[in-house]
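Participant: Here is my input; please provide its structure:
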Amino acid sequence: MNMKFYPLTFTPILKDRIWGGTKLKSYLNKSIVSETTGESWEISTVPGDISVVASGVFEGKNINEIIDLHPTEILGKSVIARFGKQFPLLFKFIDAKEDLSIQLHPNDELAKQRHNSFGKTEMWYVMQADETARLVVGFKNDSNPKEYLEKLADKKLISLLEEYPVKKGDVFFLETGTIHAIGAGVVLAEIQQTSDVTYRIYDWDRVDVNGKGRELHTELALEAINYYKTHSKIDYFEEPNHSSVVVDCPYFKTNIIALQDRFIWKKSKDAFTVFMCTNGQFELILNGEIMRYQMGDTILIPAIIDHLTLKGKATVLEISI
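Facilitator: Next up is the predicted model:
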């Protein structure tokens, strides 16, 4: 790799979870080390989990180091104007062999006040789903703290919540405060603000090998919950060899590139872009250099790179600020 600035990939940060499985290896070719690997953090600047560049000139350096050395070239002026040198997003692949806990995330104001963190607005793109798989997202009807606490105490919270059967290609956008859970049998890509603040409110009475349940955050959650019905499932259209909008919110914009053969990709130099390959395989061609990627790869395109050619057959999420 001769270029000083080039598409960057990072060594996945793998997370063992009580609900995790082995699909990150069998489906996405990750080098997992346990039978209960739930998450692959693809690009992260969460303290304690800082992504390290996998190859090229910057191999071995972490993302914060290269941003510190080359902030404008990596992040772009518009990102620096909003976030300084902080990388504002977190990218993951998730394998739910079992149901995740029912949980939610606080908004920016609460997260800053309580945890000195961003809030956690996020989106999910379903990459694989077993036949009976579902996601839990939001209330079926408008609720309130009294009804919520009563059902929680009776272990009937799920009766208030909306459950969606899901299939490959489904997209959900989750604003802060939305109660949610990823159901068993789902592999998905998750795009979110850089935050690891989660309020767990119900964990299906699950216990570990020592008979101990995971911590719940009942009191913290009360003020953070959005008790109104949400419309979180996103309808979108794919156009072959075109970048089509899926989600556009204040924190990120996600397009989908339905690559059938070739796509000439262009942008300004004001902000970085991230590609997540959710199906197939493709090449990126830059200044005559060819880089090859496949399903499960996540690629950071530095802001200074303003054009590329994508070639192949793949589904690629294109995320920008």
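
Participant: Show me what the strand or helix carrying residue 254 is packed against.
Facilitator: In the assignment (DSSP states H and E), residue 254 maps to strand 253-259. When contacts are defined as 3 or more CB pairs under 8 Å, 6 or more residues apart in numbering; DSSP states H and E, strand 253-259 packs onto strand 243-248, strand 307-320. From N, CA and C alone the C-beta is placed, and that goes for glycine too.

Participant: can you give me how far it is from the chain middle?
Facilitator: Averaged C-alpha coordinates place strand 253-259 at 15 Å from its chain's average position (CA atoms, centre = their mean, to the nearest Å).

Participant: and that strand with strand 243-248, angle?
Facilitator: 150 degrees (axes from the mean of the first three to the mean of the last three CA atoms, to 10 degrees).

Participant: Contacts for strand 253-259 next, please.
Facilitator: Defining contact as CB atoms under 8 Å, 6 or more residues apart in numbering, one finds that strand 253-259 is touched by 123, 125, 191, 236, 238-248, 263, 265, 280, 282, 310-321.

Participant: Tell me the spacing between residue 47 and residue 62.
Facilitator: As judged by CB to CB, to the nearest Å, residue 47 and residue 62 stand 12 Å apart.

Participant: out of the two, which sits in the busier spot?
Facilitator: For residue 47 versus residue 62, the count of surrounding residues by other CB atoms under 10 Å is larger for residue 62: 17 against 10.

Participant: Write down the beta-bridge partners of that one, one by one.
Facilitator: Using DSSP bridges, the bridge partners assigned to residue 62 are residue 52.

Participant: is it true that it touches residue 54?
Facilitator: No: in terms of CB atoms under 8 Å, residue 62 does not count as a neighbour of residue 54; the distance is 11.4 Å.

Participant: returning to what we had before: output the helices and strands packed on strand 253-259 in JSON lines; the columns should cover mean pLDDT, distance to residue 298 and mean neighbour count.
Facilitator: As requested, the helices and strands packed on strand 253-259 are arranged in JSON lines below (pLDDT from 0 to 100; distance: least, CB to CB, whole Å; neighbours: other CB atoms under 10 Å):
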{"stretch": "strand 243-248", "mean pLDDT": "98", "distance to residue 298": "17", "mean neighbour count": "16"}
{"stretch": "strand 307-320", "mean pLDDT": "98", "distance to residue 298": "9", "mean neighbour count": "19"}
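
Participant: mind checking which of these is nearest residue 103?
Facilitator: Among those, the nearest to residue 103 by CB to CB is strand 243-248 (20.3 Å).

Participant: strands paired with the closest one, and their directions?
Facilitator: The strands that strand 243-248 pairs with in its sheet are strand 253-259 (antiparallel) (by DSSP bridges).

Participant: avg pLDDT for the partner strand?
Facilitator: Averaged across strand 253-259, the pLDDT comes to 98.

Participant: Could you pull out the buried residues of that strand?
Facilitator: Taking 16 or more other CB atoms under 10 Å as the basis for neighbour counts, the residues of strand 253-259 that come out buried are 253, 254, 255, 256, 257, 258, 259.

Participant: Next up, the contacts around residue 117.
Facilitator: With contacts taken as CB under 8 Å, 6+ apart, residue 117 has the following neighbours: 111, 195, 196, 197.

Participant: Scan the residues you listed and report the most crowded one.
Facilitator: residue 195 (22 neighbours).

Participant: Could you report the separation of that residue from residue 126?
Facilitator: With the distance defined as CB to CB, residue 195 ends up 22 Å from residue 126.

Participant: if we can go back for a sec, make TSV from the helices and strands packed on strand 253-259 and add distance to residue 227 to it.
Facilitator: As requested, these are arranged in TSV below (distance: least, CB to CB, whole Å):
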stretch	distance to residue 227
strand 243-248	23
strand 307-320	30
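
Participant: Quick one, which of those strands gets closest to residue 146.
Facilitator: Going by CB to CB, the one of the helices and strands packed on strand 253-259 nearest residue 146 is strand 243-248, 32.9 Å.

Participant: Verify the stated contact: residue 314 with residue 295.
Facilitator: Yes: with contact defined as CB under 8 Å, residue 314 and residue 295 form a contacting pair (7.5 Å).

Participant: Need the overlap of contacts for these two.
Facilitator: If you check residue 314 and residue 295 against CB under 8 Å, 6+ apart, the residues they both contact are 277, 279, 280, 281.
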